[in-house]
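*Asks:* Fold the following for me, if possible:
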Amino acid sequence: MKRRLIALLAASLLATLAGGCGAGAGPGDGSVGLTVSRDFGRVVMLQRSLTGLPESETVMRLLSANTTTKTSYSGGFVDSVNGINGGQSAGRSVDWFYFVNGSEAPLGAASTKVRDGDRIWWDWRDWGEADHVRAVVGSFPEPFLHGPGTEKRLPVRVECVEIESAPCRQVSKTLAAFGVPVATGLFRASVTEETLRVIVGQWAALREDEALLQIESGPGASGVYAQPTSNGRQIDLLNARGRTVRSLGAGAGLVAATAVGAQPPVWAITGTDAAGIAAAAAAFNEKQLRHHYAVAVEPGSQAGLSLPLPGGAK
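*Replies:* Residues are numbered from 1 along each chain as shown. Next up, the predicted model:
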């Protein structure tokens, strides 16, 4: 908790020094999505689409107007939402965290402006293994429509290990169906900065990417509660305590997102083999990803597994 509060106060100080340089309104359909959940999105407490918000609206005011919220530190830190308190639960550290368009925001909620089209997601979760989860997949089709966090809309590039493969084409078509301009290219064929990258391929190849390699080091490094083995033939699925609950082999897929520091998130559409990659590409849609931090697909099943998994150690 002490570390969380120090980080919050530092973010609030940074926001004060920035002097109200918010992102302001962006392009969209005039609505803002608000989701409030607990336990890594497993229980959705509130889901609303809101319109007519003032241009000066902040994430904190939006939450307070739609829930019973208790705060501290001059309104900069959320202590409780609808009676669900941060602090300790069953001996574990728990708190309220929020994402803007699927990305962890760099500033406190009282200093983060809401833009037209944003999807704001508050989640109460165990943070004992990962005090930072820099990106999640559960706000899809964000961040591809309006940009990650408080950033502007960014170019989108689908990078494929096998550019002519069906999963590569499927991922590009899925994004294009939302009106997202997509450039498709070969994985590691060029260096792209300030770009949202979706990388499609078997894990043994994708681990060459700096951001995605973090996933092998566990949720403390990547915020992803899954660990593929370095040879890519197995994906261990973890619980909130970072312990392996299940291990998937041939035919397993994974859809996850992570980031290095303040860089744009990188998405992985991956698997243990060709069948697993195809399963992950099929799960790359709003219905399958909604309210999930990351999604694993087990062999022979079209239903995704929300990560982290519930339950104890294997």
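*Asks:* check contacts around V78.
*Replies:* Contacts for V78 (CB atoms under 8 Å, 6 or more residues apart in numbering) come out as M60, L63, T69, K70, T71, G86, D95, W96, A109, W122. Bear in mind the C-beta positions are built from the backbone N, C-alpha and C, glycine included.
*Asks:* Next, give phi and psi for it.
*Replies:* In terms of degrees, to the nearest 10, the main-chain angles of V78 are phi -80, psi 120.
*Asks:* as a whole number, average confidence for stretch 291-302?
*Replies:* Mean per-residue pLDDT for stretch 291-302: 92.
*Asks:* CA atoms only for it - export them in CSV, please.
*Replies:* Output in CSV follows, covering the C-alpha atoms of stretch 291-302 (Å, rounded to 0.1, in the frame of the first residue of the first chain):
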residue,chain,number,x,y,z
HIS,A,291,-13.8,-7.2,-19.6
HIS,A,292,-10.8,-9.5,-19.7
TYR,A,293,-7.2,-8.6,-18.8
ALA,A,294,-5.9,-11.4,-21.2
VAL,A,295,-7.5,-14.4,-22.8
ALA,A,296,-6.2,-18.0,-23.3
VAL,A,297,-7.9,-20.4,-25.6
GLU,A,298,-7.6,-24.1,-24.8
PRO,A,299,-7.4,-26.7,-27.5
GLY,A,300,-10.7,-27.7,-29.0
SER,A,301,-12.7,-24.9,-27.4
GLN,A,302,-14.0,-21.7,-28.8
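*Asks:* Report how many residues lie close to the residue nearest to V114 when sequence neighbours are not counted.
*Replies:* In this structure, V114 finds its nearest non-sequential neighbour in E57, 4.5 Å apart by CB to CB, 6 or more residues apart in numbering. Using other CB atoms under 10 Å, E57 has 20 other residues around it.
*Asks:* and what of L206?
*Replies:* Using other CB under 10 Å, the number of residues around L206 comes to 27.
*Asks:* same deal with the one 5 residues further on?
*Replies:* For A211, the neighbour count with other CB under 10 Å is 23.
*Asks:* how near is it to Q263?
*Replies:* Counting by CB to CB, to the nearest Å, the separation of A211 from Q263 is 7 Å.
*Asks:* from what I can see V180 touches L145, true?
*Replies:* Yes - counting by CB atoms under 8 Å, L145 is a contact partner of V180 at 6.5 Å.
*Asks:* how about the strands in the stretch 151-300 of the chain?
*Replies:* 156-160, 182-186, 196-202, 226-228, 235-238, 244-248, 253-258, 266-271, 294-297 (DSSP state E, counting those that start in this stretch).
*Asks:* Dump the C-alpha coordinates for stretch 49-58 into CSV.
*Replies:* Output in CSV follows, covering the C-alpha atoms of stretch 49-58 (Å, rounded to 0.1, in the frame of the first residue of the first chain):
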residue,chain,number,x,y,z
SER,A,49,-22.6,4.5,-22.0
LEU,A,50,-22.7,8.2,-21.2
THR,A,51,-23.3,11.2,-23.4
GLY,A,52,-23.5,15.0,-22.9
LEU,A,53,-20.4,15.1,-20.7
PRO,A,54,-18.6,18.5,-20.3
GLU,A,55,-15.3,18.9,-22.0
SER,A,56,-13.6,19.4,-18.6
GLU,A,57,-14.9,16.0,-17.3
THR,A,58,-12.3,13.9,-15.4
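*Asks:* buried sites along that stretch?
*Replies:* L50, L53, E57, T58 (16 or more other CB atoms under 10 Å).
*Asks:* Tell me the bridge partners for the spatially closest residue to L63 that is not a sequence neighbour.
*Replies:* Nearest non-adjacent residue to L63, counting by CB to CB, 6+ apart: T69, 5.5 Å away. On the basis of DSSP bridges, T69 is bridged to V81.
*Asks:* so what's T69 up against?
*Replies:* By CB under 8 Å, 6+ apart, the neighbours of T69 are L63, V78, S80, V81.
*Asks:* at 10 Å instead, please
*Replies:* Counting by CB atoms under 10 Å, 6 or more residues apart in numbering, T69 touches 36, 60-61, 63, 75, 78-82, 96, 109, 122.
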